[in-house]
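[1] Below is the sequence, then the predicted model.
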Amino acid sequence: MPLEASVRTAAILRRHGVHVTAQRLAVMRAVSERPHSTADEIDKAVRADLGAVSRQAVYDALTTLTDKGLLRRIRPAGYPARYEDRVGDNHHHLICRTCTRMVDVDCAVGATPCLTAADESGYEVDEAEVIYWGRCPECVSGTSVAPAIESTQPPPPKPSQRTTKKEKDRRV
Ligand SMILES: [Zn+2]
Ligand SMILES: [Zn+2]
């Protein structure tokens, strides 16, 4: 990691009350270079970067950094969780059903209207987790290469059941 970048990342960790370690810095860098990566992919990147690091150390670092709000974990139904360092803006995601490529998409309308659930049932809502499923342009046009990520889990449920919306996303 370039020294300047690691100094900046170290300062961010400290500000969030996270003890700075080489593993955590490497995990932050790996996620920032490969947004929406799985833990496996981050593990590979960190190992290529640092050499001898245990898989458990990488997974522990991911958990700590996510718990402290430095990373965001996205859990697409039927696929391994993915990580990104774009946190705090409640953006959503598009996933291609064919190649599983995931991209960011800003909130559907305006700032964060989806935080206003159609029926809040008295809950104090602070996050709307929305994943749009479909096919990416490359897969639609047939120019996509092999799947980037193999699902290690059973096939995902039917489209009607695989939405991960935590509450209704009101379309205005
Ligand atoms: Zn695709
Ligand atoms: Zn994202």
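    Alright, I've got the coordinates. Ligands and ions are numbered 1, 2, ... in the order given.
[2] distance of residue 83 from residue 3?
    Distance of residue 83 to residue 3, computed by CB to CB, to the nearest Å: 24 Å. Every residue, glycine included, has its C-beta placed from N, CA and C.
[3] which of those two has more neighbours?
    residue 83 (23 against 7; other CB atoms under 10 Å).
[4] Does the more buried one belong to a helix, a strand or coil?
    Assigned with DSSP: H, G, I helix; E, B strand; the rest coil, residue 83 falls in the strand class.
[5] my guess is it meets residue 36, correct?
    Yes. With contacts counted by CB atoms under 8 Å, residue 83 reaches residue 36, the gap being 7.4 Å.
[6] what's the overlap in contacts for the two?
    Taking CB atoms under 8 Å, 6 or more residues apart in numbering as the contact rule, residue 83 and residue 36 both touch residue 74.
[7] Now do the helices in the chain.
    3-15, 22-33, 39-50, 55-67, 137-141 (DSSP state H).
[8] Check what contacts the second one and list those residues.
    In this structure, residues lying in contact with helix 22-33 by CB under 8 Å, 6+ apart are 1, 5-6, 9-10, 12-13, 18, 37, 42, 45-46, 49-50, 53, 57-58, 61-62, 64-65, 70-71, 83-85.
[9] Pull out the buried members of the residues you listed.
    If you count burial by 16 or more other CB atoms under 10 Å, the buried members of those come out as 1, 6, 9-10, 13, 18, 37, 42, 45-46, 49-50, 53, 57-58, 61-62, 64-65, 70-71, 83-85.
[10] So which of those reach ligand 2?
    Among these, proximity to ligand 2 is found for residue 84 (CB under 5 Å from the ion).
[11] List the residues that contact residue 57.
    Counted by CB under 8 Å, 6+ apart, residue 57 has contacts residue 23.
[12] Give me the pLDDT for it.
    On the pLDDT scale, residue 57 is placed at 95.
[13] Also the one 5 residues further on?
    Model confidence at residue 62, expressed as pLDDT, equals 97.
[14] measure it to residue 46 for me?
    10 Å.
[15] again, but for residue 100
    In terms of CB to CB, residue 100 sits 22 Å off from residue 46.
[16] Up against ligand 1, what does the protein have?
    96, 98, 99, 101, 136, 139, 144.
[17] need the residues of this protein near ligand 2, please.
    So far as CB under 5 Å from the ion goes, the chain lies against ligand 2 at 84, 104.
[18] mind running it again at 8 Å?
    35, 36, 72, 74, 84, 86, 91, 92, 93, 102, 103, 104 (CB under 8 Å from the ion).
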